[in-house]
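The sequence and its predicted three-dimensional model are supplied below.
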Amino acid sequence: MPVLDQKDKEMVARYEKFMRSTKEGRLTQDLGWAKVKNNWESREVFVENENGEIVAAMSMLLTDTPAGKKFAYASKGPIIADRFDLDLLDKLVAEAKKILPDAYVLRMDPEIEYSDELNDELKKRGYKTRNRNVADEGMHATIQPRLNMVLDLANFPGKEKTLDLYPSKTKSKLKRPIRDGVEVTWGHDAAAIDAFYTTYQTMANRHGITYRPKEYFQRMLDAFDENTMRIYVAKRDGELLSTGIVLKYGDKIWYVYAGSMDGNTYYAPYAVQTEMIQWALDEPDITLYDMGGIESESTSDPLWVFKHTFVKAAPVEYIGEIDAVLDDDVYKELVKD
């Protein structure tokens, strides 16, 4: 039965082994992510090969909508081993439909690079795609940003230290916080959460943006151990300056949250990034360091300006959102093409 029964311990163990041992695995498809998103309902499906081995899987989170039907979302999923096989995608979606009679759409956004050929083929198979057709609405037109700054460590064979990845001008910039006495440590405990949340809340208030409650990050800490989640903290003479949260899963370390205090931070955010990239370099199975999304590849985008210090390559453009529409009328009512 390719629908995951979470009461079946053996089945759960097989599912988790696939997700956690597949290099294409992403943390938001791990069963632990549903514990973080505890106000969503979780449902999971998978596909096996002729030998009974799981070769594709998808964790879906569901939430209610005003239209009376649920929104089902596979964040950074599905996960398909080795390559993104569209026949396996179709099989997964067919299984998912069996347990989504109460949903109007199944939205997927796998970390697969965009191509016109893939986009056209998805549409031929009946999926709705949201990518370049909504790009003029900005990076928040889709749930996950489509343009990500990703450091491909395979391009730096033999490099063991973060500073070794960069030209002299960038090296000098990254050494500046060290010269100014900034020190970076990492933790996986209540003290690290407290430090992070202080900087995160301060930064959000400074920019006038909303922010998540502290309990959200505590659930992350509870769901994932220190081999998966680390909180990096930068201080100078004991004064808190900047923090960052990174998650390790599959072949990637993913920079997900950050914060900084008001006033002079002595380039501490750069020191935090330097140490988080070092973790990626220290892990033999990690080939990618993902700094997350940007608005555009332009000096007018402060996110790009900061992240381009560390990622000199062009951003990776993902395929975006792939919608399997389950109720046409509700979809037309709720989703803007």
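The structure has been received and is ready for your questions.

roughly how far apart are the closest residue to F310 other than its chain neighbours and V182?
Of all residues not flanking F310 in the chain, Q273 sits nearest, at 5.7 Å (C-beta to C-beta, 6 or more residues apart in numbering). Every C-beta, even on glycine, is put in place using the N, C-alpha and C of the backbone. Distance, Q273 to V182, by C-beta to C-beta, to the nearest Å: 12 Å.

more crowded one of those two?
Taking neighbours as other C-beta atoms under 10 Å, Q273 and V182 compare with Q273 leading, 27 against 24.

Domain-wise, how is the chain divided?
As given by automatic domain parsing, the domain ranges for the chain are 9-145+318-334, 150-317.

residues in contact with the residue nearest the centre of the chain?
Central residue of the chain (C-alpha atoms, centre = their mean): W254, 6.1 Å from the mean position. Contact partners of W254, counting by C-beta atoms under 8 Å, 6 or more residues apart in numbering, are L27, V246, L247, K248, D290, G292.

circling back: please tell me the pLDDT value assigned to the residue nearest to F310.
pLDDT, Q273: 98.

quick one: which of the contacts of W254 has the most company?
That'd be V246 among those, by other C-beta under 10 Å, with 27 neighbours.

ok, now how distant is that one from M229?
8 Å.

swap in I99?
29 Å.

Between the two, tell me which one has more neighbours.
M229 (22 against 16).

Identify the residues contacting that one.
Contacts of M229 (C-beta under 8 Å, 6+ apart): H188, M220, L221, I245, V246, L247, K248.

For the fourth one, name its beta-bridge partners.
Spelled out, it's I245. I231, Y257 (DSSP bridges).

can I assume it is in contact with V272?
No. When contacts are counted by C-beta atoms under 8 Å, I245 is not listed as touching V272 (10.0 Å).

between those two, which one's more packed in?
Neighbour count, other C-beta under 10 Å: between I245 and V272, V272 has more, with 28 against 23.

hmm, back to that, just to be sure, the residue nearest to the centre of the chain is in a strand?
Yes. Membership of W254 in a strand is supported by DSSP: H, G, I helix; E, B strand; the rest coil.

so where's this structure uncertain?
Residue ranges of the chain with pLDDT under 70: 1, 337.

Setting aside sequence-adjacent positions, which residue approaches the residue of it most remote from its centre most closely?
No residue in the chain sits farther from the centre than D237, which is 33.0 Å out by C-alpha atoms, centre = their mean. Leaving out its chain neighbours, the residue that sits closest to D237 by C-beta to C-beta, 6+ apart is G181, at 6.5 Å.

Next, the contact list for L100, please.
Taking C-beta under 8 Å, 6+ apart, one finds R43, M60, L62, K70, A72, L106, L326 in contact with L100.

The third one pairs with what?
On the basis of DSSP bridges, L62 is bridged to E41, A72.

Contacts only, for it.
So L62 contacts W40, E41, S42, R43, K70, F71, A72, Y73, L100, D102, A103 (C-beta under 8 Å, 6+ apart).

just how off-centre is stretch 96-103 within its chain?
25 Å (C-alpha atoms, centre = their mean, to the nearest Å).

what secondary structure does I322 sit in?
strand.

what about it, how many residues close to it?
With other C-beta under 10 Å as criterion, I322 counts 25.

And for it, nearest residue in space, chain neighbours not counted?
M108 (4.5 Å).

any idea how far K35 is from the one you found?
Taking C-beta to C-beta, one finds M108 at 21 Å from K35.

which of these two has more neighbours?
M108 (27 against 14).

Does I286 touch L247 like I think?
No. Look at I286 against L247 with C-beta under 8 Å: they stay out of range, at 11.5 Å.

list residues touching both of these two?
Residues touching both I286 and L247 (C-beta under 8 Å, 6+ apart) are I253.

Show me what Y318 bridges to in the sheet.
On the basis of DSSP bridges, Y318 is bridged to E113.

show me what contacts it?
Applying C-beta under 8 Å, 6+ apart, the residues contacting Y318 are D109, P110, E111, I112, E113, Y114, N131, Q144, R146, L147, N148.

how about a cut-off of 7 Å?
By C-beta atoms under 7 Å, 6 or more residues apart in numbering, the residues touching Y318 are E111, I112, E113, Y114, R146, N148.

got CSV for the residues you listed, with neighbour count too?
Formatted as CSV, these follow (neighbours: other C-beta atoms under 10 Å):
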residue, neighbour count
E111, 22
I112, 17
E113, 10
Y114, 17
R146, 23
N148, 21
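
Thank you kindly, that will do.
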